[in-house]
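S.K.: Task: produce atomic coordinates for the following.
(one chain, ligands or ions: 1)
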Amino acid sequence: MAAQTLHLGWYNPVRIRWGSGVLRTLPLQQASVVVADRAALSQSDVSFLRDTLGAHGAGWAWYEGGLATVEKARQLCQALWPAMQRQPGTTVIALGGGSTLDLAKAVRYRLADVALCARTWRNNQLPEVYERHPLWLLPTTAGTGSEVTRWATLWDTDAQPAVKLSWSPLDGFAECAMVDPDLTLSCPLPQSRDCALDTLAHALESLWNKKSNPMTEALGLEAARIVIAQLPLLLQMQDAHAPRIALARASVLAGLAMSQTQTALAHALSYDLTLHENMPHGHACAVWLPMVWELAQEASSACAALLGRVFQDTSAPGARQLHQWLIGLGVSPRDLRTTLDGRERLSLELGSARGRNFIGSPTTAG
Ligand SMILES: [Zn+2]
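M.R.: Presented below is the predicted three-dimensional model:
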């Protein structure tokens with residue numbers, strides 16, 4: 001029998017430093033500007049950064065929460081680009097959740113004029129003249145995986161209706177991701193839950209994905225198992241350090257898998273809930289996971305076998321176990337298959353940019 005040829009593609013140049021206390025080991029010896037989520041950093045973290053940067057600190061801008069919009073990104077560029085222009089090669093350091101990190105991914109491409117920002121991001125196309133600054137990303141939530149992917153979500157709220165933009169230059173990866181689980185300790189539990197649900201969504205979406213490969217499968221499977229075991233522990237034990245560390249690890253693993261496969265159908269369906277029901281991203285993805293799990297099982301026996309390894313207890317179908325697990329966390333799963341409108345919506349999203357990556361989509365992957 002001829003040996004089967006395995007075609008395995010992998011590209012992720014982000015250098016990862018991982019572990020409790022990594023923040024305090026940052027080599028801050030070069031000109032830097034900081035983008036930080038005001039709610040995510042303790043006063044001692046802020047003092048440490050300001051003191052350590054000293055004269056190297058060329059600028060500092062706060063992200064005050066809410067969606068990462070084109071307008072917020074433009075304001076950050078306006079605040080930080082003059083300092084970045086004075087010293088070419090200035091490093092952009094971002095500390096915060098996924099929105100903060102995504103905004104920094106826009107700021108690090110300094111254009112000739114702030115007036116060019118919106119058009120550049122809407123077209124997802126860099127102009128001829130720009131400077132790409134080094135980027136260091138430090139997540140303060142365990143969930144988005146944004147620190148190891150090359151794309152950023154920006155919401156264009158000037159458009160009617162608002163549009164989700166994916167800013168994704170080919171060299172959009174950060175130079176360095178510094179993942180310090182201690183930075184997630186102060187994250188409120190409801191937000192921690194939603195972020196961990198986002199990790200689970202990234203993990204599962206990499207499994208039921210047309211672009212999956214044996215490496216992303218191993219990462220996605222491990223990340224999903226960690227979230228399923230550790231998130232209930234975190235919510236029960238409140239101050240527990242160990243589940244925080246485990247969930248930070250799961251977030252990076254799922255992020256690495258997603259950096260190769262992108263997301264799929266559950267994410268495609270989530271954006272509407274975030275925009276119109278103000279539902280946090282991870283929660284908005286999670287409500288669709290049991291339905292998409294069943295669709296994936298129907299579409300591919302290989303994927304069904306893989307999903308069968310997510311839950312250790314195999315006495316009940318995985319999708320049903322996931323449904324119950326979510327209910328236990330206060331999340332109510334939804335199903336579009338029961339109404340005509342729902343089925344039409346499902347078929348529409350299966351052809352969308354992210355939906356096309358789903359293993360059960362009839363359209364070629366995006
Ligand atoms: Zn996500």
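S.K.: any idea which element M84 lies in?
M.R.: According to DSSP states H and E, M84 maps onto helix 70-86.
S.K.: typo on my end, it should be A61
M.R.: With DSSP H and E as the test, A61 turns up in strand 57-63.
S.K.: what distance separates that strand from the middle of the whole chain?
M.R.: Here strand 57-63 is found 23 Å from its chain centre; the criterion is CA atoms, centre = their mean, to the nearest Å.
S.K.: returning to that earlier point: could you check the angle the helix or strand just after the helix holding M84 makes with strand 57-63?
M.R.: Toward the C-terminus, helix 70-86 is succeeded by strand 91-96 as the next helix or strand (DSSP H and E). For strand 91-96 against strand 57-63, the angle between stretch directions is 30 degrees (axes from the mean of the first three to the mean of the last three CA atoms, to 10 degrees).
S.K.: returning to what we had before: how much distance is there from the helix holding M84 to the middle of the chain?
M.R.: Worked out by CA atoms, centre = their mean, helix 70-86 lies 23 Å from the chain centre.
S.K.: same check, this time on stretch 308-318
M.R.: How far stretch 308-318 lies from its chain's middle: 26 Å, per CA atoms, centre = their mean.
S.K.: Compute the number of surrounding residues for D341.
M.R.: 9 (other CB atoms under 10 Å). (C-beta placed from N, C-alpha, C; glycine too.)
S.K.: With just CA atoms, put the helix or strand that contains it into PDB.
M.R.: Assigned by DSSP H and E, D341 belongs to helix 340-350. Output in PDB follows, covering the C-alpha atoms of helix 340-350 (Å, rounded to 0.1, in the frame of the first residue of the first chain):
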ATOM      1  CA  LEU A 340     -37.600  28.300   8.400                       C
ATOM      2  CA  ASP A 341     -36.100  31.700   9.200                       C
ATOM      3  CA  GLY A 342     -33.400  30.000  11.200                       C
ATOM      4  CA  ARG A 343     -32.600  27.600   8.500                       C
ATOM      5  CA  GLU A 344     -32.300  30.400   6.000                       C
ATOM      6  CA  ARG A 345     -30.000  32.300   8.300                       C
ATOM      7  CA  LEU A 346     -27.900  29.200   8.800                       C
ATOM      8  CA  SER A 347     -27.500  28.700   5.100                       C
ATOM      9  CA  LEU A 348     -26.600  32.400   4.600                       C
ATOM     10  CA  GLU A 349     -23.800  32.200   7.300                       C
ATOM     11  CA  LEU A 350     -22.400  28.900   5.900                       C
END
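S.K.: what mean pLDDT would you report for it?
M.R.: Averaging pLDDT along helix 340-350 gives 97.
S.K.: Now it: buried residues?
M.R.: 346, 349-350 (16 or more other CB atoms under 10 Å).
S.K.: what comes into contact with stretch 120-132?
M.R.: 70, 73, 84, 88, 106, 108-112, 116, 154, 156, 165-169, 171 (CB atoms under 8 Å, 6 or more residues apart in numbering).
S.K.: Skipping its backbone neighbours, what lies nearest T25 in space?
M.R.: R17 (7.6 Å; CB to CB, 6 or more residues apart in numbering).
S.K.: Next up, the contacts around that neighbour.
M.R.: 25, 176-179.
S.K.: now it: how far from W136?
M.R.: R17 is 10 Å from W136, where distance means CB to CB, to the nearest Å.
S.K.: shared neighbours of these two, which are they?
M.R.: Both R17 and W136 are contacted by 176-178, under the criterion CB under 8 Å, 6+ apart.
S.K.: which of those residues count as buried?
M.R.: Buried among the shared contacts of R17 and W136 by 16+ other CB under 10 Å: 176-178.
S.K.: Switch those residues over to a markdown table; also include distance to A286.
M.R.: What follows is the buried ones among the shared contacts of R17 and W136, written out as a markdown table (distance: CB to CB, whole Å):
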| residue | distance to A286 |
| --- | --- |
| C176 | 30 |
| A177 | 24 |
| M178 | 27 |
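S.K.: Among these, which ones are in strands?
M.R.: Judged by DSSP state E, the buried ones among the shared contacts of R17 and W136 include 176-178 as members of strands.
S.K.: Okay, now the unreliable bits of this structure?
M.R.: By pLDDT under 70, the low-scoring segments of the chain are 1-7, 239, 366.
S.K.: Mind jotting down where the helices sit in it?
M.R.: 43-53, 70-86, 98-107, 117-123, 189-207, 214-237, 241-261, 265-276, 281-286, 289-299, 301-307, 318-328, 340-350 (DSSP state H).
S.K.: mind listing what's buried in the fourth one?
M.R.: With burial defined by 16+ other CB under 10 Å, the residues of helix 117-123 counted as buried are 117-118, 120-122.
S.K.: How about the first one?
M.R.: When burial is assessed from 16+ other CB under 10 Å, helix 43-53 yields the following buried residues: 45, 48-49, 53.
S.K.: could I get those as TSV with distance to L326?
M.R.: Converted to TSV, those look like this (distance: CB to CB, whole Å):
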residue	distance to L326
D45	33
F48	38
L49	37
L53	42
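S.K.: Nearest spatial neighbour of the residue positioned nearest the centre of the chain, chain-adjacent residues omitted?
M.R.: The centroid of the chain falls nearest to T144 when counting by CA atoms, centre = their mean (2.9 Å). The shortest distance from T144 to any residue other than its chain neighbours is 3.0 Å, reached at G98 (CB to CB, 6+ apart).
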